[in-house]
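>>> coordinates only, sequence not included:
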């Protein structure tokens, strides 16, 4: 089976090879960011849906849906009445009509809901494209949709990801959930894609913290240990790590136990909540700085919400906590956020070396994105920085509407804004060409997210990645964790492929 004539762009040899194989059976394509996974998917769609077939293309976020809508319309050579973009913001009556078009680009959540409501059917869908396929685990909508597609349709699935993760069991879950019959893996070392891969230099910057910040951290860790001590004596926690994830999972279990046979646990559950919140505060301190830490602590102390009041009471019951509060003014004034100063220096150097430079700064927290954007604009003439965050509105911080997101990305693409300060919403798949530098305000422990962040640069020309870490904090652990997971991911995929080489292509 060959790529149809008239395809609007010239395909590279590896893209042709992958597309021809993927058109034959359900395929997972693992390909580094910037090497044309969307182009491959479009070529597959053109091969399989003939003159009267339909295709559905799914992406996990609304900005990605809008991006894919434009790309697939061009690549599939469709007019405005043949392709539609659908999200939860689209009205029900409009969606019913839009699903009837030859190609629908949508979020998985809206497709899942409309399948349940009977607004859309999969029987005549020839090709289901799943972007960011590493999400296809657990209860994520991709899993349910793929199962229904395989039950109702004789069409094929093409799933795309740059990073399936390092967990072998999760990788197997992804393949099982999507009915994958073959996996095609390419990385930067493959001869047929090596010429298209740009050099990316990665620099890790370790930043010293003021002594007072270290004292705040030490006191906070002692308070956290005092909070957790009674928990360690419970049978439920024997053999478990008392990290945030375990503690959060324990709350509904302990609540049920308290209601059924052990009322004393009602006194323990507030300690669990307080431990979670204090560990969150510690993460702010270790990765963002003292100002964010104390702002979070103050929000707890000033809250009128019942569980927050109980947390504040538990904090204040520890004599170390008052000593910690006494350090607030000194910690904030002495720090002046060293990470922000390093970001400022890196941005100035990039802009001075080339006025056309584009920089993306990734931050884990939305509040940091806003603070850092303001800091950069106060210190760099010309208002070159803009914040880019998700659409949800939480914790009193306003999100961005879809039109605002489009406007920001357009301003960044055309050079009106030189610095994009983004949360995780910009990690997955967004087409932002010619980004010269990517700065991690903090490392992330996820190999998938690290790969996606780095993938925003080095697409057209060589790029720079800077990862900022505070010495002696969980920043360092997160950095090593992501590096180890990424190495394990590559080993796992290669090893898995060798065991099942009839299903794999390299």
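That came in fine, so what should we check first? Because the structure is a prediction, the values reported are computed rather than measured. Residues are numbered from 1 along each chain as shown.
>>> domain parsing for the protein?
Recorded structural domains for the chain (assignment: automatic domain parsing) are 13-196+491-505, 211-335, 337-472.
>>> now do the end-to-end distance for the shortest one.
Okay, so that is domain 211-335. 9 Å (C-alpha to C-alpha, to the nearest Å).
>>> neighbours of residue 450, how many?
For residue 450, the count of nearby residues is 25 (other C-beta atoms under 10 Å). (C-beta placed from N, C-alpha, C; glycine too.)
>>> correct me if wrong: residue 361 contacts residue 439.
Yes: shown here, residue 361 and residue 439 form a contact pair, counting by C-beta atoms under 8 Å, at 4.5 Å.
>>> and for these two, which residues touch both?
343, 347 (C-beta atoms under 8 Å, 6 or more residues apart in numbering).
>>> how distant is whichever strand or helix holds residue 202 from the center of its chain?
Taking DSSP states H and E as the definition, residue 202 sits inside strand 200-207. Centroid displacement of strand 200-207 relative to its chain, using C-alpha atoms, centre = their mean, to the nearest Å, is 21 Å.
>>> and that strand, which strands flank it?
strand 463-470 (parallel) (DSSP bridges).
>>> surely residue 214 is within a helix?
Yes: remark: residue 214 belongs to a helix, assigned using DSSP: H, G, I helix; E, B strand; the rest coil.
>>> got a list of what it touches?
residue 472.
>>> quick one: low-confidence residue ranges for the stretch 251-400 of the chain.
392-398 (pLDDT under 70).
>>> quick one, strands of it?
Using DSSP state E, counting those that start in this stretch, the strands assigned to the stretch 251-400 of the chain run over residues 359-362, 385-388.
>>> what's the neighbour count on the residue lying closest to residue 282 once chain neighbours are set aside?
In space, and not counting its chain neighbours, residue 282 is closest to residue 220: 5.4 Å by C-beta to C-beta, 6 or more residues apart in numbering. Residue 220: 21 surrounding residues under other C-beta under 10 Å.
>>> how far away is residue 127 from residue 33?
23 Å (C-beta to C-beta, to the nearest Å).
>>> neighbour-wise, which of the two wins?
residue 127 (25 against 20).
>>> on that earlier part again, how about the contacts made by the residue nearest to residue 282?
Residue 220 touches 278, 281-282, 285, 324, counting by C-beta under 8 Å, 6+ apart.
>>> compare those residues and tell me which is most surrounded.
residue 285 (27 neighbours).
>>> tell me the contacts of that one?
213, 216-217, 220, 292-293, 473.
>>> what residue, apart from its backbone neighbours, is nearest the residue positioned nearest the centre of the chain spatially?
Geometric centre of the chain, nearest residue: residue 424, 4.7 Å, by C-alpha atoms, centre = their mean. Using C-beta to C-beta, 6+ apart and skipping the chain neighbours, the partner closest in space to residue 424 is residue 449 (6.8 Å).
>>> in the one helix or strand the one you found maps to, what counts as buried?
In this assignment (DSSP H and E), residue 449 forms part of helix 447-454. Using 16 or more other C-beta atoms under 10 Å as the test for burial, helix 447-454 gives 447-454.
>>> between those, which is nearest residue 145?
Relative to residue 145, the closest of the buried residues of helix 447-454 is residue 448; by C-beta to C-beta it sits at 20.7 Å.
>>> state the distance from the residue nearest to that closest one when sequence neighbours are not counted to residue 493.
Nearest-residue entry for residue 448: residue 163, 4.4 Å, with adjacent residues in sequence omitted and distances by C-beta to C-beta, 6+ apart. Going from residue 163 to residue 493 by C-beta to C-beta gives 10 Å.
>>> overlap in contacts, the two.
residue 30.
>>> residues contacting residue 52?
No contacts exist for residue 52 under C-beta under 8 Å, 6+ apart.
>>> any figure for the gap between it and residue 102?
In terms of C-beta to C-beta, residue 52 sits 8 Å off from residue 102.
>>> surely residue 489 is in a helix?
Yes: counting by three-state DSSP, residue 489 is part of a helix.
>>> buried residues of stretch 226-233, list them for me.
For stretch 226-233, by 16+ other C-beta under 10 Å, it's 226-228, 231.
>>> next: stretch 422-441.
Neighbour-count burial for stretch 422-441 [16+ other C-beta under 10 Å]: 422-430, 432, 435-441.
>>> give me the subset of those residues lying in strands.
422, 437-440 (DSSP state E).
>>> circling back to that earlier point, as CSV, the buried residues of helix 447-454 with pLDDT would be great.
Compiled in CSV, the buried residues of helix 447-454 are given as follows (pLDDT from 0 to 100):
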residue, pLDDT
447, 85
448, 84
449, 86
450, 86
451, 83
452, 82
453, 84
454, 83
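>>> any idea of the mean pLDDT in the strand holding residue 202?
Mean pLDDT, strand 200-207: 92.
>>> okay, buried residues for that strand please.
residue 200.
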